[in-house]
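Asks: Would you be able to build a 3D model of this:
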Amino acid sequence: MSEFGHISETRQGKSLAKLAAIGERLAEVMAERAAEAETSQDAKIYVDCFHKLARGVRMTYALEMKLQRDEQAFLREYAPQMDKQRKEAVAARRNQLYVRLEHEVWDEFPDDETFHEFTGDIREHLEEEARLDTFLDETLEHQLARLKTKLGLGQACDDDDEPTSPDAAASAGGGPVAEERPVEGAGDHAALATADGATAAEPPDSS
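Replies: Predicted coordinates for the structure are as follows:
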């Protein structure tokens with residue numbers, strides 16, 4: 001029943017209220033002019049206008065009341081069925097979201113303890129959201145993405161994403177940092193330097 005507002009809150013209801021207010025103001029003007037008319041002929045013209053305007057105002061209010069009665073009759077007849085359909089739709093959406101989120105949790109946290117903690121949080125969040133009137137306004141995928149963010153899912157680092165550089169591997173525990181790693185070819189350069197030094201050394205004195 002919450003999906004239907006009072007007729008005065010609808011566009012048609014607001015238009016009827018506006019028309020009635022305009023009719024009332026014009027009828028008051030015609031009544032004043034009839035009272036101030038200098039001739040009976042002018043007074044008759046203003047009186048006729050007043051009666052036509054007053055009749056229009058009465059018909060406007062009568063139409064508004066009819067629309068209210070029709071709305072109430074419709075709600076009495078169809079509201080229980082519509083409420084039932086909404087409850088079924090909410091339950092179906094909640095189950096869809098739970099299954100999808102449960103799979104997300106299992107993929108990300110396969111250990112039993114964390115899995116059960118997260119599934120408990122999922123139930124609480126879904127029960128809270130299902131009580132909102134806007135629960136079915138979002139698409140399933142948009143709602144799923146928002147709940148994943150709210151629950152902190154999908155933010156863990158993927159173990160398959162290996163570091164692409166030695167320094168990154170070192171920071172991840174895969175080896176020494178750059179300052180601690182031996183420079184490639186450093187031993188060969190040292191050996192060459194020693195050999196060159198030996199060649200350049202003066203021969204021993206034979207005397």
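Asks: for this protein, what are the low-confidence residue spans?
Replies: 1-8, 110-112, 154-207 (pLDDT under 70).
Asks: residue boundaries of the helices in it?
Replies: 11-36, 40-108, 112-130, 140-151, 166-171, 186-200 (DSSP state H).
Asks: Quick check: which helices or strands does the fourth one pack against?
Replies: In terms of contacts (3 or more C-beta pairs under 8 Å, 6 or more residues apart in numbering; DSSP states H and E), helix 140-151 is packed against helix 40-108, helix 112-130. Using the backbone N, CA and C atoms, a C-beta is placed for each residue, glycine as well.
Asks: Distance of Met82 relative to Glu88?
Replies: Separation of Met82 from Glu88 (C-beta to C-beta, to the nearest Å): 11 Å.
Asks: So between the two, which is more surrounded?
Replies: Ranked by neighbour count (other C-beta atoms under 10 Å), Met82 and Glu88 place Met82 first, with 14 against 10.
Asks: Any figure for the gap between the more buried one and Ala89?
Replies: Distance from Met82 to Ala89, by C-beta to C-beta: 10 Å.
Asks: Please apply the same query to Gln41.
Replies: If you go by C-beta to C-beta, the gap between Gln41 and Ala89 works out to 67 Å.
Asks: For the two, indicate the residue with more neighbours.
Replies: Ala89 (12 against 8).
Asks: contacting residues for that one?
Replies: Leu136 (C-beta atoms under 8 Å, 6 or more residues apart in numbering).
Asks: how many other residues sit next to His116?
Replies: 12.
Asks: Over to Lys14?
Replies: Lys14: 12 neighbours (other C-beta under 10 Å).
Asks: what about Thr139, distance to Thr114?
Replies: Counting by C-beta to C-beta - Thr139 and Thr114 are separated by 29 Å.
Asks: Between those two, which is the more surrounded one?
Replies: Each of Thr139 and Thr114 has its neighbours counted (other C-beta under 10 Å); Thr114 has more, 13 against 9.
Asks: so what's the closest residue to that one other than its chain neighbours up against?
Replies: Nearest residue to Thr114 in three dimensions, chain neighbours excluded: Val105, at 7.9 Å (C-beta to C-beta, 6 or more residues apart in numbering). Residues near Val105 by C-beta under 8 Å, 6+ apart: 114-115, 118-119, 122, 153.
Asks: Could you single out the nearest of these to Tyr98?
Replies: Ile122 (6.1 Å; C-beta to C-beta).
Asks: Test my guess that the closest one contacts His103.
Replies: No. Using C-beta atoms under 8 Å as the test, Ile122 is too far from His103 to be in contact (11.0 Å).
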